[in-house]
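Visitor: Give me coordinates for this.
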Amino acid sequence: MLIINDQDLQIINYSSLALTLHQGTTSDLTWIVDAVSGEPVSGAKIYLSNGSFLGSTGSDGVLLSKGLHHGNNYSKQDLIIYAEYKGRFGILDSNWSNGMGGYWYPKGRATLDPIIAYVYTDRTLYKPGDTVNFKGYVREWTDTGMVVPNDGESATSYPISSFPTSYPKFNSDSVKLNIYANGINLDSIKKNYDLNGNGEFNGSFVIPEGSEGVKFFIDVADASNTSAQFLVEDYKKKDFYVELEANDIAQTGEEVQIKLNSRYFSGAALSNAEVNWKITLRDTFTSIPEYSDYSFTNKLADDLSDMYMYCYLYCENVSDFESEIVLEGEARTDENGEAIIRFNSTIDPKYVLQLNTFYAEIIDINNEVVITSKDIKVINSDIQLGYRFSSYFNTVGEELNIDYVSLDTNSNPVDSNFTVAFYKRNEDWVRTEDSSLGLYYEYIFDDIYLYEEGLRTSNGKASVNFIPSSGGLYVAKVF
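Guide: Here you go, the predicted model:
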């Protein structure tokens, strides 16, 4: 975006040269075709934005380049290339947000660290003196995928800015672990661990005394890592436990009864214990194993325009499954260690299904705390409706089949009447600028009504056919 005389100007690349850039770990592939004919462009000269000449495309329209401006992982430097061929000019920016990118091309622009490792431990919580058992895997990135490092013959020259020009050979016989913990001397457990022919390693070490409250980190030296983390606490087993009883499903506004039963492990009832509880509301997915090939939407048809599947960047109304507290209260256990909590289930009226989660914090006379929870599905309808398409891509004039299944709240087939309305969606991405987000693309659309058809399920199932008369995106909504 250029600003001249207080006016915003958008640079538009108008060219018959169509450029594609794929950035790999050791090289970059530039492919140029004629935008009109689709034929490869042979002999096109390609330059970097600093004027450096990279070379010319071959008969297949491809140029492989080495040593371009790679960065580490996804925080790399943007790459801009230019192409010139018989007076024609083309440009491509590797940052798609700049309006010239190729983010839709296969495999994106992956420039990953050459050696990667994954480490995990047998637990996430330990006491001082406990033995930590760990296991891990090491792989090497190549242009064709991940492989097991091979006897020091791994990559020796990776053009990646976060590594030296000559990347150290990775010893495939063993790995050296980096183990970190604030204020704890770990020199005695930092050593090499054997690496087998499958690129796997494992081992164990004892947590030093005096490590209470310390978080430990384990990763592999000379590799990009998914590190293992665990916490050391001087914990002790609880003296009592808590059980919750409640129905798993409730209709909107239905009274829900939670029975809380708390007992000492010795068998005695935990009487007169303080109970602090709350009810939260959050979104969820419908998953029914017997109908795993069907999709179940949790939003009502009128509000499908807000669904996250149509939002990709910085969209509003995107459900991230955060919960909100809708009710809180206090109680005490009786002489039998029991407490009864009642509340009316709640749901956002725009939804067919959401979760009410009951959380309880139980505190005994020694201030020992046990926290427990229970999920209750809240349904805003007597019917759960699922659908499946014969194909998500179709040809003009070719019949598309949509199957529907209607289930009751217990996921049993039930007959029902409903209407399927078909729309053609006119969609676009609009480049927008925000003071905090910068430039981004916002998805906008307009659904044009075509027609509707009434259906009734038989044994819980029904089907409808749709024939598109022209190319584009279509939407089927159920009422």
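Visitor: can you list the domain ranges for the protein.
Guide: 15-98, 115-232, 240-284+321-379, 384-478 (automatic domain parsing).
Visitor: Nearest to residue 296, out of these?
Guide: domain 384-478 (4.6 Å; C-beta to C-beta). Any C-beta I mention is one placed from the backbone N, CA and C, and that applies to glycine too.
Visitor: give the contact list for residue 131.
Guide: 204-207 (C-beta atoms under 8 Å, 6 or more residues apart in numbering).
Visitor: ranking these by neighbours, who comes first?
Guide: Greatest neighbour count in the contacts of residue 131, by other C-beta atoms under 10 Å, goes to residue 207: 22 neighbours.
Visitor: isn't that residue right next to residue 133, touching?
Guide: No - Residue 207 is beyond contact range of residue 133, at 11.7 Å (criterion: C-beta atoms under 8 Å).
Visitor: Distance to residue 296 added to the domains of the chain, as a markdown table?
Guide: Shown next, in a markdown table, are those (distance: least, C-beta to C-beta, whole Å):
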| stretch | distance to residue 296 |
| --- | --- |
| domain 15-98 | 33 |
| domain 115-232 | 33 |
| domain 240-284+321-379 | 8 |
| domain 384-478 | 5 |
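Visitor: hang on, the earlier thing: now, the contacts of residue 131 that are in strands?
Guide: Judged by DSSP state E, the subset of the contacts of residue 131 located in strands is 204-206.
Visitor: For residue 469, grab the count of nearby residues.
Guide: Residue 469 has 9 nearby residues by other C-beta under 10 Å.
Visitor: low-scoring pLDDT stretches of the protein, where are they?
Guide: 1-13, 24-26, 67-78, 95-113, 142-145, 150-174, 183-185, 187-190, 225, 298-322 (pLDDT under 70).
Visitor: can you tell me which helix or strand the residue located most distally from the centre of it belongs to?
Guide: If you look at how far each residue of the chain sits from its centre, by C-alpha atoms, centre = their mean, the farthest one is residue 335, at 47.2 Å. Taking DSSP states H and E as the definition, one finds residue 335 inside no helix or strand.
Visitor: In space, what's closest to it - neighbours in sequence excluded?
Guide: Leaving aside its chain neighbours, residue 335 sits nearest to residue 271 (4.9 Å; criterion: C-beta to C-beta, 6 or more residues apart in numbering).
Visitor: check contacts around the one you found.
Guide: Contacts of residue 271 by C-beta under 8 Å, 6+ apart are 333-337.
Visitor: Tell me the spatial nearest neighbour of residue 284, not counting adjacent residues.
Guide: Residue nearest to residue 284 in three dimensions, not counting chain neighbours: residue 355, with 4.6 Å by C-beta to C-beta, 6+ apart.
Visitor: Would you confirm that that neighbour contacts residue 286?
Guide: No - using C-beta under 8 Å, residue 355 is not in contact with residue 286; the gap is 11.0 Å.
Visitor: out of these two, which sits in the more crowded spot?
Guide: For residue 355 versus residue 286, the count of surrounding residues by other C-beta under 10 Å is larger for residue 286: 19 against 16.
Visitor: any idea how far the more buried one is from residue 89?
Guide: Per C-beta to C-beta, to the nearest Å, residue 286 is found 52 Å from residue 89.
Visitor: Repeat that for residue 421.
Guide: Distance, residue 421 to residue 89, using C-beta to C-beta: 48 Å.
Visitor: Pick out whichever of those two has more residues nearby.
Guide: The neighbour comparison of residue 421 against residue 89 (other C-beta under 10 Å) goes to residue 421, with 16 against 13.
Visitor: Could you give the bridge partners of that one?
Guide: residue 452, residue 477 (DSSP bridges).
Visitor: just the one 5 residues further on next, same as before
Guide: Per DSSP bridges, the residues bridged to residue 426 are residue 446.
Visitor: Isn't it up against residue 443?
Guide: No - between residue 426 and residue 443 there is no contact under C-beta under 8 Å: 12.0 Å.
Visitor: Having no further points to raise, I will conclude here.
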